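Peer 1: need the 3D shape of this:
(2 chains)
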There are 2 protein chains.
Amino acid sequence: MKFCSTCGTPTEVQIPEGDNRERSCCPGCGAIHYVNPKIVVGTIPTFHGKVLLCKRAIEPRLGFWTLPAGFMELNETTHQGAARETWEEAGAKIVLGPLFTMFDVIRADQVHLFFRAEMPSADYFAGEESLDVKLFSEEEIPWDELAFKTVSKTLSLFFADRKAGRYTLHTGDVFNHTDWTESQFKA
Amino acid sequence: MKFCSTCGTPTEVQIPEGDNRERSCCPGCGAIHYVNPKIVVGTIPTFHGKVLLCKRAIEPRLGFWTLPAGFMELNETTHQGAARETWEEAGAKIVLGPLFTMFDVIRADQVHLFFRAEMPSADYFAGEESLDVKLFSEEEIPWDELAFKTVSKTLSLFFADRKAGRYTLHTGDVFNHTDWTESQFKA
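Peer 2: I've put the predicted structure just below:
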């Protein structure tokens, strides 16, 4: 942030009083501009055991496959955002399930939330941001053509949990996450 | 956002090409400024069954009691942010547990994450943003003096789940959330 978004004055990087981090501060109007991570919300839409993936029509990772997901907007819940992205990118209506993965993507300043989701029917279509949308069985997943690490990790954990017969929440750094099985934390 | 934070030109509210929402757009440099919800991370720190609360030294809700929590910063994970806030506001080291509540606060453009957490010792102190810090048994919780709806909801669900002998994840709108018991979603 080079200019104050409130008054247009060039900002200065300072540690505000009572803070312990550098922020973009405005010497004109006194505004402090905080920058924080953004939330990406998405789903793992399933129909008869197959998972719905989208082939990206936009950068980054154009042409690669991904779970439907995108930035959470103002005036919506995480649940609503995840369902909206599934509709916009994959043309699929879903019944939303529980949060399955919450992964930090520090280098992109993002937190990615993926919810399990059930498709009541096999209806779907490629939205504006997708080149193609398709249901994949576990054996058909194009592992080498997946767009993002959070997507490949979410899918591999999903299939592993399904095989184990129970789903657990997985959170933390995508490269070093924590699996929260029931027995792991008793407090 | 009245002025472009990239070049200082007054912004215009428009729906960018390929988008379906109004954004602050810069007629000077072409930048599109997206505004998205922010993440608040916190913990439910427990020691021998009691819960650690902080009396707020800052607005909003100065003088009211809260769980240690604050805005997630860049360059940290949700786990690290929750532990950092617990240290900064309550002077307590914790062993982090699983995510317990993830509540949308639409009118504040925030998503609040609370993790269960265990204190290895009863050591704690009031940080700069706290007037007091204290361990409360369930019977001692000052329900009428709690700072935020997400805090009172998280605490009441915590005690209810503890009584039931199992903790489940609770997510969605804080006024109308979903309890994700194991049996609720089978897909």
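Peer 1: going forward, measure contacts and count neighbours with C-alpha atoms only.
Peer 2: OK.
Peer 1: list the contacts of A:Ala57.
Peer 2: A:63, A:128-131 (CA atoms under 8 Å, 6 or more residues apart in numbering or on different chains).
Peer 1: now do the same contact list for the residue of chain A most remote from its centre.
Peer 2: Computed with CA atoms, centre = their mean, the residue of chain A farthest from its C-alpha average is A:Gly28, at 36.9 Å. Contacts here follow CA under 8 Å, 6+ apart; on that basis A:Gly28 touches A:7, A:9.
Peer 1: look at it and report its pLDDT.
Peer 2: At A:Gly28 the predicted local confidence, pLDDT, stands at 95.
Peer 1: same question for A:Ala187.
Peer 2: Model confidence at A:Ala187, given as pLDDT, is 57.
Peer 1: ok but the residue farthest from the centre of chain A is inside a helix, no?
Peer 2: No: under DSSP: H, G, I helix; E, B strand; the rest coil, A:Gly28 falls outside any helix and is assigned coil.
Peer 1: distance-wise, check it relative to B:His33.
Peer 2: For A:Gly28, the distance to B:His33 under the criterion CA to CA, to the nearest Å works out to 21 Å.
Peer 1: may I see the buried residues of the helix or strand of chain A with the lowest mean pLDDT?
Peer 2: The helix or strand of chain A with the lowest confidence, counting by mean pLDDT, DSSP states H and E, is strand A:176-180 at a mean of 93. Buried residues in strand A:176-180, defined by neighbour count with 16 or more other CA atoms under 10 Å in any protein chain shown: A:178, A:180.
Peer 1: please see if that strand touches chain B.
Peer 2: Yes: figure legend: strand A:176-180 in contact with chain B (CA under 8 Å from any CA of the partner chain); contacting residues A:Trp180.
Peer 1: so what does that strand touch, helix or strand wise?
Peer 2: Counting contacts by 3 or more CA pairs under 8 Å, 6 or more residues apart in numbering or on different chains; DSSP states H and E, the secondary-structure elements packed against strand A:176-180 are strand A:169-173.
Peer 1: now the strand it packs on, how far from the chain's geometric center?
Peer 2: For strand A:169-173, the gap between its own C-alpha mean and the chain's C-alpha mean amounts to 12 Å (CA atoms, centre = their mean, to the nearest Å).
Peer 1: can you pull the contacts of A:Glu182?
Peer 2: A:Glu182 makes contact with A:Thr168, according to CA under 8 Å, 6+ apart.
Peer 1: likewise for the one 3 residues further on?
Peer 2: With contacts defined as CA under 8 Å, 6+ apart, A:Phe185 is in contact with B:97-98.
Peer 1: how much space between it and A:Thr66?
Peer 2: Distance from A:Phe185 to A:Thr66, by CA to CA: 32 Å.
Peer 1: got it, and A:Lys163?
Peer 2: Here A:Lys163 is placed at a distance of 22 Å from A:Thr66 (CA to CA).
Peer 1: between those two, who's got more neighbours?
Peer 2: Comparing A:Lys163 with A:Thr66 by neighbour count (other CA atoms under 10 Å in any protein chain shown), the higher total belongs to A:Thr66, at 26 against 10.
Peer 1: pLDDT score for that one?
Peer 2: According to the model, A:Thr66 scores 98 on pLDDT.
Peer 1: run through the bridge partners of it.
Peer 2: The residues listed as beta-bridge partners of A:Thr66 by DSSP bridges are A:Cys54.
Peer 1: got a list of what it touches?
Peer 2: With contact taken as CA under 8 Å, 6+ apart, A:Thr66 is in contact with A:53-56, A:146-148, A:151.
Peer 1: please repeat the previous calculation with a cut-off of 7 Å.
Peer 2: The contact partners of A:Thr66, by CA atoms under 7 Å, 6 or more residues apart in numbering or on different chains, come to A:53-55, A:146-147, A:151.
Peer 1: and it, how far from chain B?
Peer 2: Spatial separation of A:Thr66 from chain B under the definition CA to the nearest CA, to the nearest Å is 20 Å.
Peer 1: please apply the same query to A:Arg21.
Peer 2: As judged by CA to the nearest CA, A:Arg21 and chain B stand 9 Å apart.
Peer 1: and if you look at A:Cys7?
Peer 2: Remark: distance between A:Cys7 and chain B (CA to the nearest CA) = 6 Å.
Peer 1: burial count for that residue?
Peer 2: When neighbours are counted by other CA under 10 Å, A:Cys7 registers 20.
Peer 1: can you check A:Phe158 too?
Peer 2: 21.
Peer 1: report the buried residues of the one helix or strand it maps to.
Peer 2: Assigned by DSSP states H and E, A:Phe158 belongs to helix A:149-164. Buried residues in helix A:149-164, defined by neighbour count with 16+ other CA under 10 Å: A:150-155, A:157-158.
Peer 1: contact partners of that helix?
Peer 2: Applying CA under 7 Å, 6+ apart, the contact partners of helix A:149-164 are A:66-67, A:101, A:103, A:146, A:167, A:174.
Peer 1: repeat that for 8 Å
Peer 2: Taking CA under 8 Å, 6+ apart as the rule, helix A:149-164 contacts A:44, A:66-67, A:100-101, A:103, A:112, A:114, A:138, A:143, A:146, A:167-168, A:174.
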